[in-house]
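Student: Quick one: sequence and predicted model below, then my questions.
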Amino acid sequence: MSYAPHNLPQLINESHEDFYAATNAVAKEIGWPALMTFAYELLKNPASKTLWPTAIEIITVGSEQKKALPKDLYEFIARIYFCADQCSEMESVEIDEQIWAFVSTWLGLPYTSDWSPYNDPEVSNRMARMQCENH
């Protein structure tokens, strides 16, 4: 199976379990670094906005693959939150909790932490820059 933007709609329409299995199958074929890079590139492209929720789901599935994360982790985290904020279908407590679960792990934060992307200058400054770039 080749993995390209035109393959994503089939994943979008499947149940979460099938999405998880399909994402892992693709990662097994092309490797987590390539798949995470692909998802990250989707998030960086405003023309791919309809695919941002799927890209974030891919990142969620692969979030434990630390070797697959981009070098600038704060830029990556800012991009995830920035894109999630731009998508009405991502406005839910469940989505916030999913993102928080892997971001807190990446940053080594305790579950009880009051960390917020809006209060962390490493992340909030990048999110502000992204906002300016999109206007």
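Tutor: Done, it's in.

Student: SS state for the residue sitting nearest the centre point of the chain?
Tutor: Centrality entry for the chain: nearest residue to the mean C-alpha point is Ile56, 3.1 Å, by C-alpha atoms, centre = their mean. Following DSSP: H, G, I helix; E, B strand; the rest coil, Ile56 is assigned to helix.

Student: again, but for Ser124
Tutor: Following three-state DSSP, the label given to Ser124 is helix.

Student: what's the distance between it and Pro117?
Tutor: 6 Å (C-beta to C-beta, to the nearest Å). From N, CA and C alone the C-beta is placed, and that goes for glycine too.

Student: Then Leu73?
Tutor: 12 Å.

Student: can you check Ala22 too?
Tutor: With distances taken as C-beta to C-beta, Ala22 is found 29 Å from Pro117.

Student: Between these two, point out the one with more neighbours.
Tutor: Comparing Ala22 with Pro117 by other C-beta atoms under 10 Å, the one with more neighbours is Pro117, at 21 against 18.
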